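Asker: Only the shape, not the letters, is given here:
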């Protein structure tokens, strides 16, 4: 009796799997369900930054030199964003979602995968201009501790401000973006008042659980780095977190259409990737 041959994996694929397994078992950072193409790119970035010849060498250093962990996590996560990125999304929040959020006596907003904080400050400014900031608690979560620290600091290169300002105006900004930051020495620092009601916390969408009921989840351009199984897990977390009638905002290249949890949501502004948590009863606006 003969047995079918098992297709062999390339040495590079095996190295990547072993590296990810070591990262999970030693430090509980779980990247194993991220998309394969993204993982390969990010692992190569980590290998290059730490001057390792192979991923096996990077794995050895990760296991025996804990100090390299922050550099590895920095390389394995993507921190690309800007204030009011995709302004039409924020304009839709301002014009269409905010009137519904006003009906709640207090609000909780989860910015999942907050990166360096640009999305958080965009929402905080929007809520300030709509008179909701003082009764809103924000949760800004991120797997990368360094990025989380940068988000809490709210400091950005001044060269980015022109793009930030343009986005802000296109998103329906009611003032000048310069009202919200102080500039100096080539950097800008956003006002502390924008984050006084923010909880910054490390959270891993691949392994952690729901921590609070919220009224808005904004998680933009994160799911694109996950495989379908992890995407479903994450959307399930959002469904469990959202109050009935709450809202979910995703990135422009992300959708709920093929998710196992799609029935938990109804489209609200699908072109801008905004869905509403299915409510038991709909209360019409006055």
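Answerer: Ah, there it is. Just so you know, these numbers come straight off a predicted model, no measurement behind them. Residues are numbered from 1 along each chain as shown.

Asker: How is residue 140 assigned, secondary-structure-wise?
Answerer: Secondary structure assignment for residue 140 (DSSP: H, G, I helix; E, B strand; the rest coil): strand.

Asker: For stretch 54-63, buried residues please.
Answerer: Neighbour counts over stretch 54-63 (16 or more other CB atoms under 10 Å) mark 55, 58, 59, 61, 62 as buried. In short, each C-beta sits where N, CA and C put it, glycine included.

Asker: which residues of the stretch 51-200 of the chain fall in helices?
Answerer: When assigned using DSSP state H, counting those that start in this stretch, the helices of the stretch 51-200 of the chain occupy the ranges 55-64, 69-76, 87-92, 98-101, 118-129, 145-153, 161-170.

Asker: can you put these in JSON lines and add distance to residue 208 and mean pLDDT?
Answerer: Shown next, in JSON lines, are these (distance: least, CB to CB, whole Å; pLDDT from 0 to 100):
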{"stretch": "helix 55-64", "distance to residue 208": "21", "mean pLDDT": "95"}
{"stretch": "helix 69-76", "distance to residue 208": "15", "mean pLDDT": "92"}
{"stretch": "helix 87-92", "distance to residue 208": "25", "mean pLDDT": "98"}
{"stretch": "helix 98-101", "distance to residue 208": "25", "mean pLDDT": "97"}
{"stretch": "helix 118-129", "distance to residue 208": "19", "mean pLDDT": "98"}
{"stretch": "helix 145-153", "distance to residue 208": "14", "mean pLDDT": "96"}
{"stretch": "helix 161-170", "distance to residue 208": "30", "mean pLDDT": "97"}
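
Asker: which one of the ones you listed lies closest to residue 237?
Answerer: For residue 237, the closest of the helices of the stretch 51-200 of the chain is helix 118-129, at 17.5 Å, according to CB to CB.

Asker: Just name whatever secondary elements that closest one is in contact with.
Answerer: Contacts defined by 3 or more CB pairs under 8 Å, 6 or more residues apart in numbering; DSSP states H and E place helix 118-129 against strand 107-112, strand 136-142, helix 161-170.

Asker: contacts for that helix?
Answerer: 81-85, 90, 93-94, 98, 109, 111, 114, 133, 136, 138, 140, 151, 154, 156, 164, 168, 171, 173-175, 177, 180, 190, 194-195, 198, 218, 220 (CB atoms under 8 Å, 6 or more residues apart in numbering).
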